[in-house]
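Chemist: sequence-free structure coming up:
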């Protein structure tokens, strides 16, 4: 799912400028320090990775409070992983939640964070009309949605579908067997995809025509959603409740070794995934790792992160700079896969983009933002 509200970075950029002097947040009371012998350079590096931008702002006392919690979590986590257990143990979960809350306090104090987080409300979706997609690409209206289409004509929706199929390489939607048009009003959920069967062989794509008027954003969203299919289909993951600890897992899904999403996770997320999962809202997590994400929405989890990066991989020129910030490295990550480079070239050809041209250059007045 891609939500338009969470992509905008204007507010985050403004808040990030208020790095110090926010005040008003009481400092935590440090717990008794662990013996110095336990605090290795490796542990300090792990803590720095979790703190992100906070590293340069917090006091020694605040750092010690975070370190004390991490030293309690670490042996529990190591024992769990050694036993092949994916789910957190109860004490581990309690401590991770406490540590994440502490990081949030620091983020509010030093980085302009907000207790309210993103504040996304997830309004109700209304199905307008749905179609089954035949093997030859023909659309057959689902009779159960008859009479629900309001605000748009079928002709308008068919033009939108044609725009989507023209954007991607020929045959890109071969595994998609259902097309749904829905609405939850403008500026909310733009589109989503989901597997229709247990293995993840067949898929559905859903689009809100209320959000299709912003051409640039709509193209980004279709690429984002298609990347969910690319990274979560049956060739990339197994849908199962038998979780493992060797590759990237979400509940009910295990990524294959060498899959796009596991490679991405192993490269960029292993240091702080638990902190991300422990926080109730990723807004403050995003601020303390601002240089790691191409958009705010990318900080939601590895699956959303890889899809946001993929959209910009297709639409932006290659940087060619190995020392770029992490968010830029994530965009260039996909050049490791020749088949994805071919996909990119075909989409850019359809859009009429030169190799050194960014898609946003065609929309100089568009209100879209990415980390820069």
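Modeler: That came through fine. Keep in mind that what you see is a predicted model, and the values were worked out from it rather than measured. Numbers count the residues shown, from 1 in each chain.
Chemist: so residue 124 sits right up against residue 183, yeah?
Modeler: No: if you go by C-beta atoms under 8 Å, residue 124 and residue 183 don't touch, sitting 10.0 Å apart. Backbone N, C-alpha and C define where each C-beta goes, glycine included.
Chemist: the two - which one has more neighbours?
Modeler: Neighbour comparison, residue 124 and residue 183: the larger count goes to residue 183, with 20 against 8 (by other C-beta atoms under 10 Å).
Chemist: bridged to that one, which residues?
Modeler: Taking DSSP bridges as the rule, residue 183 bridges to residue 126.
Chemist: show the pLDDT at it.
Modeler: For residue 183, the pLDDT comes out at 96.
Chemist: so it sits against residue 207, correct?
Modeler: No: using C-beta under 8 Å, residue 183 and residue 207 do not qualify as a contacting pair, with a distance of 9.5 Å.
Chemist: joint contacts of these two?
Modeler: With contacts defined as C-beta atoms under 8 Å, 6 or more residues apart in numbering, no residue is shared by residue 183 and residue 207.
Chemist: please enumerate the strands of the stretch 201-350 of the chain.
Modeler: Applying DSSP state E, counting those that start in this stretch to the stretch 201-350 of the chain gives strands spanning 203-207, 237-239, 249-250, 253-255.
Chemist: wait, which of those is closest to residue 90?
Modeler: Closest approach to residue 90 among the strands of the stretch 201-350 of the chain (C-beta to C-beta): strand 249-250, 18.9 Å.
Chemist: quickly run through the sheet partners of that closest one, with directions.
Modeler: Paired with strand 249-250 in the same sheet, following DSSP bridges, are strand 253-255 (antiparallel).
Chemist: what does the strand it pairs with rub up against?
Modeler: Against strand 253-255 from outside (C-beta under 8 Å, 6+ apart): 232, 236-240, 242-244, 247-249, 261-262, 265.
Chemist: any of those buried? List them.
Modeler: Buried members of the contacts of strand 253-255, counted by 16 or more other C-beta atoms under 10 Å: 232, 236, 237, 238, 243, 247, 248, 249, 261, 262, 265.
Chemist: so the first one makes contact with residue 302?
Modeler: Right, residue 232. No: using C-beta under 8 Å, residue 232 makes no contact with residue 302, being 11.2 Å away.
Chemist: where do the contact lists of these two overlap?
Modeler: residue 261.
Chemist: ok, now which ones touch residue 246?
Modeler: Counting by C-beta under 8 Å, 6+ apart, residue 246 makes contact with residue 257.
Chemist: from residue 266, how far off is it?
Modeler: From residue 246 across to residue 266, the span is 10 Å (C-beta to C-beta, to the nearest Å).
Chemist: thinking again about what came up before, dump the strands of the stretch 201-350 of the chain to CSV, plus mean pLDDT.
Modeler: Below are those laid out as CSV (pLDDT from 0 to 100):
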stretch, mean pLDDT
strand 203-207, 98
strand 237-239, 98
strand 249-250, 96
strand 253-255, 98
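Chemist: and of the ones you listed, who's closest to residue 342?
Modeler: Taking C-beta to C-beta, strand 203-207 is the member of these nearest to residue 342, at 20.7 Å.
Chemist: next one: the closest one to chain centre, how far?
Modeler: Once both centres are worked out by C-alpha atoms, centre = their mean, to the nearest Å, strand 203-207 turns out to sit 18 Å from its chain's centre.
Chemist: other SSEs contacting that strand?
Modeler: When contacts are defined as 3 or more C-beta pairs under 8 Å, 6 or more residues apart in numbering; DSSP states H and E, strand 203-207 sits against helix 154-167, strand 176-183, strand 189-195.
Chemist: which of those sits most buried?
Modeler: Greatest average neighbour count among the helices and strands packed on strand 203-207 goes to strand 189-195 (a mean of 22), per mean count of other C-beta atoms under 10 Å.
Chemist: list the pairing partners of that strand within its sheet, with orientation.
Modeler: With DSSP bridges as the test, strand 189-195 is paired with strand 2-3 (antiparallel), strand 203-207 (antiparallel).
Chemist: and the contacts of that strand?
Modeler: Strand 189-195 has contacts (C-beta under 8 Å, 6+ apart) with 1-4, 122, 125, 176, 201-208, 211, 217-218, 221-222, 224-226, 228-229, 232-233, 239.
Chemist: how about 7 Å then?
Modeler: The contact list for strand 189-195, computed with C-beta atoms under 7 Å, 6 or more residues apart in numbering, reads 1-4, 125, 203-208, 211, 221-222, 225, 228-229.
Chemist: average pLDDT for it?
Modeler: For strand 189-195, mean pLDDT rounds to 97.
Chemist: helices along the chain, start to end?
Modeler: Listed in chain order, the helices found in the chain under DSSP state H are 10-16, 41-51, 60-82, 90-110, 154-167, 215-232, 260-268, 273-278, 283-288, 302-315, 326-332, 338-351.
Chemist: what is the last one packed up against?
Modeler: Counting by 3 or more C-beta pairs under 7 Å, 6 or more residues apart in numbering; DSSP states H and E, the packing neighbours recorded for helix 338-351 are helix 154-167, helix 302-315.
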